[in-house]
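>>> Got a predicted structure plus its sequence, pasted below:
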Amino acid sequence: MIVIYVPCKDQIEAEKIADVLIIEQLAVCVNIFPNISSIYRWKKNKEKSTEAVMFIKTKKELLDKVTKRVEELHSYESPVIFALPVLFYSPKTLKYLNEELN
């Protein structure tokens, strides 16, 4: 299991991407955190915006497919997409993940 972190321009975009990932069985769950303040560099300038952040729960072997799909659906020129390894998950969580993404 991995968790993929992806900020989006707003909650509407995050929900649109999440819906596709769930429908296409590329993720078992997507948590969306709306109204996150982001301060970042973009084209050599300091920027500030409000975003929605997605945490996508999926299998490691689906990472390339999830990345490709997010890039197709995302409005950003260079969306941030990175995966975090999960150090522990309960046996029930693993069972749920395997049942839903087979």
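Yep, that arrived. Residues are numbered from 1 along each chain as shown.

>>> for the chain, what spans make up the strands?
Using DSSP state E, the strands found in the chain span residues 2-8, 29-42, 45-58, 82-85.

>>> Make TSV out of the ones you listed and add distance to L21.
Every residue, glycine included, has its C-beta placed from N, CA and C. Shown next, in TSV, are those (distance: least, Cβ to Cβ, whole Å):
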stretch	distance to L21
strand 2-8	9
strand 29-42	6
strand 45-58	6
strand 82-85	14
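
>>> low pLDDT regions in this protein?
By pLDDT under 70, the chain has no low-scoring segment.

>>> hmm, try it at 90
Counting by pLDDT under 90, the ranges of the chain that qualify are 1, 85-86, 89, 94, 97-98, 102.

>>> could you give the angle of the longest helix along the chain to strand 2-8?
When the chain is parsed with DSSP state H, its longest helix is helix 11-23. Orientation check (axes from the mean of the first three to the mean of the last three Cα atoms, to 10 degrees): helix 11-23 against strand 2-8 gives 150 degrees.

>>> now helix 11-23, how far from the chain's geometric center?
9 Å (Cα atoms, centre = their mean, to the nearest Å).

>>> I would like the residues contacting that helix, please.
Helix 11-23 is touched from outside by 6, 8, 26-27, 29-30, 32, 34-35, 52-54, 56, 58, 66, 69-70, 73-75, with contacts defined as Cβ atoms under 8 Å, 6 or more residues apart in numbering.

>>> Can you give me the buried ones in that helix?
By 16 or more other Cβ atoms under 10 Å, the buried positions in helix 11-23 come out as 11, 13-15, 17-18, 20-21.

>>> rewinding a little: distance to L101 and mean neighbour count for the strands of the chain - can I get that in JSON lines?
Listed next are these as JSON lines, based on distance: least, Cβ to Cβ, whole Å; neighbours: other Cβ atoms under 10 Å:
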{"stretch": "strand 2-8", "distance to L101": "12", "mean neighbour count": "20"}
{"stretch": "strand 29-42", "distance to L101": "10", "mean neighbour count": "12"}
{"stretch": "strand 45-58", "distance to L101": "7", "mean neighbour count": "16"}
{"stretch": "strand 82-85", "distance to L101": "15", "mean neighbour count": "11"}
